[in-house]
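Chemist: need a 3D model of the following:
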Amino acid sequence: MNNYDKIATAIAYINDNYKEQPELKDMAASVHMSPFHFQRVFSEWAGVTPKKFLQYLTLHHAKQLLKQEKTTLFDAAFETGLSGTSRLHDLFINIESMTPGEYKNGGKSLHINYSFAESPFGNILVASTSKGICHMAFADNREAALQELIANFPNAQFTQMTDLIQQNTLYIFTKEQHRLSEIKLHLKGTAFQLKVWEALLKIPMGNLTTYQQLAAAVDNPKASRAVGTAVGQNPVAFLIPCHRVIKATGEFGHYHWGDIRKQAMIGWESAQSSNDRVI
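Modeler: This next block holds a predicted model:
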């Protein structure tokens with residue numbers, strides 16, 4: 001069991017025993033570790049203590065973020081890029097839409113490189129064309145993840161290799177984010193899907209929004225259900241941060257790559273953006 005698996009198991013334990021308000025020793029016992037070792041492993045992963053991390057997963061914290069987002073999310077400041085606590089605010093992620101000629105006939109004209117890598121949230125599959133990242137998904141089961149990629153482009157040519165496009169993108173998960181250059185995404189999607197995915201890119205790390213707020217941001221306030229469908233069809237995990245969209249009630253809701261993983265990502269990003277980091 002790697003560190004993320006231990007974190008995920010501990011979060012699942014907390015969910016199941018929330019009313020009892022489990023202590024550090026209980027969380028540690030759930031992953032068969034001593035309290036000292038668990039605290040160290042958790043703090044190395046999240047940058048904050050387990051106790052602080054749990055505060056980021058509360059309904060109160062989510063509602064506070066949503067409350068402030070009503071006045072700040074998608075403002076002109078986000079349009080021009082934020083400087084601040086998160087390196088991601090300064091990233092320039094550019095989406096280029098695949099042309100019909102590129103994705104017709106099952107992507108017959110596409111040559112796609114793919115590779116597997118580790119992230120703070122488990123194994124991922126990342127794939128790229130010559131123009132940019134076309135797919136990124138968590139790969140708890142490598143074969144299933146690969147088959148999902150192939151199903152999206154059944155007639156493309158696939159090569160298992162890590163290219164420079166993938167290598168640059170993977171810096172997003174490391175402490176070497178200063179080495180990141182512009183990230184280019186090369187995506188197949190409808191005009192509406194692409195509009196929703198571009199709006200998702202404007203949500204900074206450590207922030208959350210709702211489907212209703214996202215619908216308003218794409219100038220279609222009555223289309224929250226259609227927006228939800230487009231969010232669920234996001235082909236690029238983490239980079240296009242669909243995990244930052246939650247229910248208006250403050251509940252995190254479901255996630256294509258696992259509800260526990262969504263909780264872990266939201267808590268981890270809140271920690272990266274906070275002033276409470278211990279390392």
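Chemist: pLDDT score for the spatially closest residue to Y255 that is not a sequence neighbour?
Modeler: Nearest residue to Y255, sequence neighbours excluded (C-beta to C-beta, 6 or more residues apart in numbering): K262, at 3.6 Å. In short, each C-beta sits where N, CA and C put it, glycine included. Residue-level confidence at K262 comes out at 97, pLDDT.
Chemist: do the same with S181
Modeler: pLDDT for S181: 67.
Chemist: swap in N17?
Modeler: Looking at N17, its pLDDT stands at 88.
Chemist: now the helices for the stretch 151-279 of the chain?
Modeler: Using DSSP state H, counting those that start in this stretch, the helices of the stretch 151-279 of the chain run over 164-170, 191-200, 211-217, 224-232, 259-272.
Chemist: using the record's domain definitions, break the protein down for me.
Modeler: Per the record, the chain has its domains at 3-105, 111-179, 191-276, by the TED database.
Chemist: out of these, deepest packed?
Modeler: domain 191-276 (a mean of 19; mean count of other C-beta atoms under 10 Å).
Chemist: circling back: thought the residue nearest to Y255 was touching H243?
Modeler: Yes. Using C-beta atoms under 8 Å, K262 is in contact with H243, at 4.9 Å.
Chemist: need the overlap of contacts for the two.
Modeler: Taking C-beta atoms under 8 Å, 6 or more residues apart in numbering as the contact rule, K262 and H243 both touch Y255.
Chemist: what about the stretch 101-250 of the chain, any weak spots by pLDDT?
Modeler: In the predicted model of the stretch 101-250 of the chain, residues 175-181 satisfy pLDDT under 70.
Chemist: residue ranges of the helices in the stretch 1-150 of the chain, please?
Modeler: Taking DSSP H, counting those that start in this stretch, the helices of the stretch 1-150 of the chain run over residues 3-16, 24-30, 35-46, 50-55, 59-72, 76-80, 100-107, 142-152.
Chemist: so what's P241 up against?
Modeler: Residues counted as contacts of P241 (C-beta under 8 Å, 6+ apart) are L200, L201, I203, M205.
Chemist: rerun at 6 Å
Modeler: Shown in contact with P241 (C-beta atoms under 6 Å, 6 or more residues apart in numbering): L200, I203.
Chemist: and it, backbone torsions?
Modeler: With angles defined as degrees, to the nearest 10, P241 sits at phi -80, psi 70.
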